[in-house]
Every structure is written in C-alpha cells, then in structure tokens.
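**Q** sequence first, then the predicted structure:
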Amino acid sequence: MFRILILTTVVTLCCVSFAAALEVFYPADGTYINRSEVLVIKAGEGVDGLVVELNGESSDLIDISGEQYRAAFQDMLILRPEFDPGKNQIKVRAYKHGEKVAETEVKFFLRTDQLAPPPEGYRRFLMHVPEKEAACVACHNLNPTEADISNPSPQKNPCVTCHRGLLRPKWTHGPAGAFECGACHDLQNEKGRFRERKINADLCTECHQDIVEKYMQAEFVHGPVEAGLCNTCHDSHATPYRSQLVAETNQLCLGCHETIDDGIHVVRGVTGRPHPLSGPKDPNRPKRKFSCVSCHNPHGGKGRYYFVDGIKGRFALCQKCHRK
Ligand code: HEC
Ligand code: HEC
Ligand code: HEC
Ligand code: HEC
Ligand code: HEC
Ligand code: HEC
Ligand code: HEC
Ligand code: HEC
C-alpha cells in the first residue's frame, strides 16, 4: 500500500537543519484536497523511524536513518498512499532508537466529485505561500524563472519534480504532457504564486480559438459551454478518461442531469426494456463506447437536444443506428 520514493538521482546534501517537531505537512489537518497524490511528513530532528497509519491500516516501521536517505531527504518522508474518497485520518508515530518520541494525527477530506461544492468544515490547502515553501526551499527550486517552469526535462522542471502525479493518468493534455506549465501558470499573478493566469474558455481560446468559436456559434449551445465552463468537464492536465474529462462520460452528464437515468429516456414505452444509455460499443463509432455522447454532442448542435452530426430530428437520430 505504501510506496517509498526510490531515489534515482544523487542529490547534494544541503546545509539547512530543521528543528521542527513531527508534522504531517501535506495533507494538513482540517484541509481538503482534490486528488490522492502524496503524503509529506516532516519527522523532526533525530527521529530514525516512522509508523504511518492510514484509516486504521498501519505500515511497518519505516526506517529513515540510512545515510543515503538522510543525504537526499533529511527528515522528510514522502509516500504515495491511496486515500479514500471523503474523510481520511492519518496517525503518525515517530521513533528514536526503538522508542516512541512523538505522535500526531490529522483529519482531511479527499474531494473526488469536482462538480460538488467544497466539503463543509474543511479549508483548501494552499501551498505556495512563503511560510509553507520555507520548509521545502532547501531542496526544491521554488524561485524558478519563466524558462524553468517550461523546462521539457521532467528531472529539471521544478514544477514536475513535485507534481508529476498530476500527469500520471492515461489521457494527458498536450501542453501539460510537454511540461509547458508556463503556458498556463504564472510565476506571480493576482490569484497568487504559480496560479493559472486564466481559467475556462478564456484560457482555452489562447490555443483552441477555432474550436471555441465553432462551439459558441452552434445554433443551440449546451448550457455550461455557453457559460464558458470548459474546466467543469475537462481537466487541463491529465485524467483516466479520453479528452481529459473529469469523470467517465455518463457519470459526468448525470452529475447535472440526474433524472435521465430513470429508465424512460429515448423510449417511453410501457412494455419492453429501457433504451441502453451505455454499453461496450457505439454502432456509429465502433472503437468507442456507447454513452450519452453517442446521441448528444456535448458542446451543442443544430437542434434543441444537440444530437450528434448536426441531426435535428428524433427520427433521423434513430436511423443512424437502427437502419432497416
Ligand atoms: C532534504 C531535501 C528535501 C526537502 C527539504 C524536501 N524535499 Fe521533496 N523531494 C526531495 C527529493 C530528493 C525528491 C525526489 C526528487 C526526484 O525524484 O526528482 C523529492 C520529491 C518530492 C515530491 C515528489 C514525490 C513524487 O511524486 O515522486 C514531492 C511532492 C515533494 N518532494 C514535496 C516536498 C515538500 C512539499 C517539501 C516541503 C515541505 C519538500 N518536498 C521538502 C528532497 C526534499
Ligand atoms: C516542493 C514541492 C513543490 C514544488 C517545487 C511546486 N509545487 Fe505546487 N504544490 C505543491 C503541493 C504539495 C501543493 C498542494 C497540493 C496540490 O494542490 O496539488 C501544491 C499546490 C499547487 C497549486 C495549487 C495552489 C496552491 O498554492 O496550493 C498550484 C497552482 C501549483 N502547486 C503550481 C505549481 C507550479 C506551477 C510549480 C512550478 C513553478 C509548482 N507548483 C512547484 C508542491 C510543490
Ligand atoms: C492548458 C493550461 C494548463 C497547463 C499547460 C498546466 N496547467 Fe496546471 N492548472 C490549469 C488550470 C486552469 C488550473 C485550475 C484548476 C482547474 O480549474 O482545473 C490548474 C491547476 C493546477 C494545480 C492545482 C491543482 C488543484 O487540484 O487545485 C497544480 C498543482 C497545477 N495546475 C500544476 C501544473 C503543472 C505542474 C503543470 C506543468 C506540468 C501544469 N499545471 C500545466 C491549467 C494548466
Ligand atoms: C498552451 C496551449 C493550450 C491551451 C491553453 C489549451 N490547450 Fe488543449 N490542447 C493543446 C494541444 C497542443 C493539444 C494537443 C494537440 C491536439 O490534439 O490538438 C490539446 C488538446 C486538447 C484536447 C484533446 C483534443 C482531442 O482531439 O482529443 C482537449 C479536449 C483540449 N485540448 C481541451 C482544452 C481545454 C478545455 C482548454 C482550456 C481549459 C485547453 N485545451 C487549453 C494546447 C492547449
Ligand atoms: C458538459 C461537459 C463539457 C463542457 C462544458 C465542454 N466539453 Fe469539451 N468535451 C466533452 C465531452 C464529453 C467530450 C468527448 C466527446 C466524445 O467523446 O465524443 C469533449 C470533447 C472535446 C474536445 C475533443 C474534440 C471533440 O470535439 O470531440 C475538445 C477539443 C473539447 N471538448 C474542448 C472543449 C472546450 C474548448 C470547451 C469550452 C468552450 C469544452 N470542451 C466544454 C464535454 C464537455
Ligand atoms: C455542469 C452541469 C452540466 C453538465 C456536466 C452537463 N450538462 Fe447538459 N445542461 C446543463 C444546463 C445548465 C443545460 C441548459 C438548461 C436547459 O436548457 O435545460 C443543459 C442542457 C442539456 C440538454 C438540452 C436540454 C433541453 O431540454 O433542451 C442536453 C441534451 C444535455 N444538456 C445533455 C448533456 C450531456 C449529454 C452531458 C454530458 C456530456 C451534459 N449535458 C452534461 C448542465 C450540464
Ligand atoms: C439513444 C440515444 C440517446 C442516448 C444514448 C441518450 N439520449 Fe438524451 N435524448 C435523446 C433523445 C431522442 C432526446 C429528445 C427527447 C425525447 O425524445 O425524449 C433526448 C433528450 C435529452 C435531454 C433533454 C430532455 C430531457 O429529458 O430532460 C437531456 C438533458 C438528455 N437527453 C441527456 C442525456 C444524458 C445525460 C444521457 C446519458 C446518460 C443521454 N441523454 C443519453 C436520445 C438519447
Ligand atoms: C448511437 C446509436 C443509437 C441511436 C442513435 C439509437 N439507438 Fe436504439 N439502440 C442502440 C443500441 C446499441 C441498442 C441495444 C442493442 C440493440 O438491441 O441493437 C439499442 C436498442 C434499441 C431498442 C431495443 C431495446 C431492447 O429491447 O433491447 C429500441 C426499441 C431502440 N433502440 C429504439 C431507438 C429509438 C426510438 C431511437 C431514436 C429516438 C434510437 N433507438 C436511437 C443504439 C442506438
């Protein structure tokens, strides 16, 4: 369950020593996070081993006393656990020569539904503020230049060294996959350090002007597209779903159209089975799954219901897949 970072590079020993006590740095107590990526713990001076318990499941004693380990990480422990959706609890016990010297506990929330409002009672973890970065600057480049933040080498790009998990899912967005973080993130802007310059259609237009114009000019434009909310459905980095959708297609649509799944969509007959809304194969696009977008264009169309391929009427739609 826990995977300790394996060192691939020799890192020069640096000179700062930390006198701080045991601390779960990230995810910090009382915060919510958007994805399960890393767990960052500062062990405190002299600590040589840690036991990490996630939601009741405990690790073995993790030895952080090795010479090579100390040279690279000092008293930092970075793990890649799988957090549960929703509430999580982590307990950490610190040991020195086999004796427990400290323990701490944090509660945080993993928000997996990006369409839902932030969970009540938890605040957002904000990393790129001077107080927090101070604990990391000794080993990470947190004062990069414009050129650095789009460095195409994953070893050298200062953003990617900490955020490579963001790019791990299968479907990667072009510029993020090319490590061009600087295409969308600024060193400093009014929102804060390293934040995205713009979001939604304003940002997408910078590179996809033709596409955005085409979508906006359709006779009938889908509500969230018209509002420019591209990021509501598309992630800018990478996700497990084609077109970097933030969720599996039907789940994404049903997130806002809950009632469609009620068994009477498409065919309203009192007899017979309901029309399938998902399946392994779209008769129109043999390499794609059958889903809401087999019938509806997600951005808009020529008719009120945005049927695919500019189809306006119901009958013509049926014919696409049910030719006699
Ligand atoms: C004593 C040196 C040191 C300090 C201090 C340090 N790190 Fe690191 N960190 C490393 C090294 C070495 C790596 C591995 C770099 C690599 O593989 O490219 C790393 C990698 C990471 C990763 C990537 C994990 C992954 O997904 O592979 C994250 C996230 C991270 N550090 C966060 C932090 C944060 C946050 C802080 C400040 C609280 C911090 N580090 C402070 C040495 C340090
Ligand atoms: C020392 C490791 C580290 C480095 C280097 C780093 N980040 Fe982060 N960053 C984090 C952590 C940890 C978080 C909090 C978790 C999250 O939101 O993914 C974070 C959060 C963010 C956020 C959300 C806002 C915030 O302040 O919490 C943005 C945007 C961001 N990073 C962009 C960048 C960019 C762009 C770079 C390169 C210039 C970069 N980061 C370099 C560790 C790092
Ligand atoms: C195409 C534009 C684009 C590119 C390229 C891009 N980002 Fe982002 N990034 C965004 C936007 C927009 C957000 C705001 C979150 C949202 O609404 O999706 C964001 C948010 C983030 C966050 C905060 C995530 C969170 O959960 O809040 C981090 C961390 C981040 N980006 C890191 C990076 C890194 C590292 C790179 C380079 C490998 C990168 N980004 C490349 C557009 C981009
Ligand atoms: C810095 C330039 C840049 C920005 C900004 C940008 N993109 Fe992209 N996008 C690309 C590139 C390059 C590709 C890959 C080449 C291609 O397939 O067109 C791509 C591909 C895509 C794809 C996959 C296309 C396909 O055929 O599957 C989607 C979806 C996408 N972008 C959506 C967005 C959205 C939504 C935004 C705004 C949040 C955005 N992009 C902002 C450059 C950008
Ligand atoms: C309601 C959700 C939703 C919104 C909002 C949305 N998209 Fe999409 N987008 C999708 C889905 C679903 C697909 C995949 C379609 C498919 O598989 O046939 C997609 C596909 C794409 C593609 C790949 C090419 C294509 O047409 O299939 C691009 C590029 C794209 N979207 C850009 C954007 C941009 C730019 C915006 C904002 C103006 C936007 N999208 C807003 C759901 C959305
Ligand atoms: C973020 C919320 C949201 C998501 C996600 C979303 N929609 Fe919508 N949808 C809307 C809004 C808002 C409207 C416009 C309100 C209206 O006209 O009923 C709309 C309208 C529609 C309509 C036309 C309804 C009518 O009566 O004219 C169809 C069809 C539709 N959406 C299909 C989809 C499909 C397919 C998906 C998934 C690719 C999807 N929607 C995802 C919010 C969303
Ligand atoms: C086999 C084709 C087909 C599939 C698959 C399909 N729809 Fe529809 N949808 C239609 C037709 C046809 C209409 C027009 C209204 C009618 O005739 O019942 C419609 C209408 C709608 C409307 C507007 C009217 C209403 O009932 O609210 C929404 C919203 C909608 N669909 C969303 C979805 C979502 C979400 C999915 C996936 C879960 C989906 N559709 C899957 C064919 C389809
Ligand atoms: C994108 C392709 C597609 C479109 C468009 C489509 N269907 Fe279907 N339909 C299917 C698939 C796939 C099945 C399930 C496999 C099969 O029976 O062929 C199905 C099954 C059916 C069934 C049989 C249900 C059962 O008992 O198994 C009926 C009736 C039906 N569709 C009616 C319609 C009507 C009416 C329309 C137009 C409003 C329509 N379909 C549009 C793909 C489509």
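**A** The structure has been received and is ready for your questions. Residues are numbered from 1 along each chain as shown. Ligands and ions are numbered 1, 2, ... in the order given.

**Q** so for stretch 297-305, mean pLDDT?
**A** Stretch 297-305 comes out with an average pLDDT of 97.

**Q** what's the answer for stretch 164-181, then?
**A** Regarding stretch 164-181, the rounded mean pLDDT is 96.

**Q** spatially nearest residue to Cys321 (excluding sequence neighbours)?
**A** Of all residues not flanking Cys321 in the chain, Pro283 sits nearest, at 4.5 Å (Cβ to Cβ, 6 or more residues apart in numbering). Where C-beta positions appear, they are placed from N, C-alpha and C, glycine not excepted.

**Q** need the pLDDT of the one you found.
**A** 92.

**Q** next one: Arg268
**A** pLDDT at Arg268 comes out at 74.

**Q** that's a strand at it, yeah?
**A** No: assessed with DSSP: H, G, I helix; E, B strand; the rest coil, Arg268 is coil; it does not lie in a strand.

**Q** distance of it from ligand 8?
**A** 9 Å (Cβ to the nearest ligand atom, to the nearest Å).

**Q** that residue: neighbour count?
**A** Per other Cβ atoms under 10 Å, the neighbour tally for Arg268 reads 9.

**Q** can you classify the residue nearest in space to the middle of the chain by secondary structure?
**A** By Cα atoms, centre = their mean, the chain has its centre lying nearest to Arg35, at 5.0 Å. What three-state DSSP gives for Arg35 is coil.

**Q** would you map the helices across the protein?
**A** 67-73, 130-133, 158-163, 174-177, 200-216, 223-226, 230-233, 249-254, 314-321 (DSSP state H).

**Q** in the fourth one, what counts as buried?
**A** The neighbour-count check on helix 174-177 (16 or more other Cβ atoms under 10 Å) flags 175-176 as buried.

**Q** up against ligand 6, what does this protein have?
**A** 222-224, 232-233, 252-253, 255-257, 292-293, 296, 298, 304-306 (Cβ under 6 Å from any ligand atom).

**Q** if we go to 8 Å?
**A** Within reach of ligand 6 by Cβ under 8 Å from any ligand atom, the chain has these residues: 115, 220, 222-224, 227, 229, 232-233, 249-250, 252-253, 255-257, 260, 292-293, 295-296, 298, 304-306.

**Q** cross-check these against ligand 8 and keep the overlap.
**A** Of the residues in these, proximity to ligand 8 by Cβ under 8 Å from any ligand atom holds for Cys295.

**Q** ok, stretch 148-160 near ligand 1 or not?
**A** Yes: under the criterion of Cβ under 8 Å from any ligand atom, ligand 1 is reached by stretch 148-160 at Gln155.

**Q** going forward can the numbers begin at 386, since that is how I track them
**A** Yes, from this point I'll number from 386; that puts the last item at stretch 533-545.

**Q** pull out the buried residues from that stretch.
**A** Residues of stretch 533-545 classed as buried under the neighbour-count rule (16+ other Cβ under 10 Å) are 533-536, 542-545.

**Q** which other residues reach that stretch?
**A** Residues from elsewhere that reach stretch 533-545 (Cβ atoms under 8 Å, 6 or more residues apart in numbering): 394, 525-527, 529, 546, 549, 552, 563-568, 570, 572, 579.
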